[in-house]
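>>> Sequence and predicted structure are below.
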Amino acid sequence: MPRPVSRPVSEGSRLRAGVATVAGGPASYLSVGSGGVPVLLLHGFGGDRLTWQFNLSALSSRRRAVAVDLPGHGGSTPDVGSGRVSDFAPWLVEFLDALELARVHVIGHSMGGYVGRELALLAPGRVASLTLLSSAGLGTPFDLGFLRRAVAPADVAEGRACAARLFAGPSPLIPRFGEVLHAQGADPVRRAGLERIIDVSFAGHADGGPPVDWRAYPMPIQVLWGGADRIIPLPPADRLPPGAPFRVFGGAGHLPHIEAASPATAAIRAFLDGCDDVSSQN
């Protein structure tokens, strides 16, 4: 969903903005830090790379962190192709090649979790681990009507009402989120792309869709969720990857990486560091 209120990632951090050239169109991104196995951050539907500004600094303390705008979002190509989000996976492989990133930890929020899972399925050797954050595509029902309203709010007030559903409770970010939603809906190119994604990728699966065959994912996986998520409800245990860590942040809605930024980021860092430690011993 839309970006938070803009603020610096961290004073003194080496934040770099760039645009990579890939066959599917330009890929806009932010990059912070260096070294280690990098982390690739994938935002949710209607959002962009700045969704991660509350997490980038901490995640880049031991590694490079790269947040990319997916097709149809932010500064990347407005062309969403067929509208199948699974097609974003080969686009991301080209993006990783352009940045010469051989292997990355993937963190995906909402639609970004779905895309991250498709990337892991397409190129498992490129994905060191997978963190699914309030993820779509895990076979649980979601609020399709909300998505349709959020891409085309009639006015700022409706945009704020949509924004409020993203949070567990009152937040100073809601007015700004509402303004961004309304502005996005007024952009005919962006609106058309988002509506195509909804029609092609989401409309037929609002009931949850088929369960995931987790045997196809050899990498470590963890799942994080907001306990008060009103967009994608908590998944039942039988839809989760067997044995994977599953943590719920009770005071957060659909944006736990924003509402519970410190504990969510700490959980991600601990998981990534643990994956690196295991890998170095093998």
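Nice, thanks for sending it over.

>>> Looks like residue 39 contacts residue 103 (just checking).
No - taking Cβ atoms under 8 Å as the definition, residue 39 is not a contact partner of residue 103, at 10.9 Å. From N, CA and C alone the C-beta is placed, and that goes for glycine too.

>>> Contacts for the longest helix seen in the chain next, please.
Of all the segments of type helix in the chain, defined by DSSP state H, the longest one is helix 261-281. Contact partners of helix 261-281, identified using Cβ atoms under 8 Å, 6 or more residues apart in numbering, comprise 36-37, 39, 54-55, 58-59, 61-63, 105, 107, 128-129, 131, 133, 220, 222, 224, 245, 247, 249, 252, 256-257.

>>> And stretch 230-240, by the same measure?
By Cβ under 8 Å, 6+ apart, stretch 230-240 touches 110, 134-136, 138-143, 146, 165-166, 211-212, 223, 225, 227, 246, 248, 253-254.

>>> how far is stretch 99-116 from where the chain is centred?
Taking Cα atoms, centre = their mean, to the nearest Å, one finds stretch 99-116 lying 8 Å from the centre of the chain it belongs to.

>>> Buried residues, it. List them.
99, 101, 103-116 (16 or more other Cβ atoms under 10 Å).

>>> Could you tell me the end-to-end distance of it?
17 Å (Cα to Cα, to the nearest Å).

>>> Endpoints of stretch 27-38, how far apart?
17 Å.

>>> Point out where the chain drops to low pLDDT.
Along the chain, segments meeting pLDDT under 70 span 1-13, 279-282.

>>> how about the strands in it?
16-20, 27-32, 39-42, 65-68, 104-109, 127-133, 221-226, 246-249 (DSSP state E).

>>> I'd like to know which elements the last one is packed against.
Contact analysis of strand 246-249 by 3 or more Cβ pairs under 8 Å, 6 or more residues apart in numbering; DSSP states H and E lists strand 221-226, helix 261-281 as its packing neighbours.
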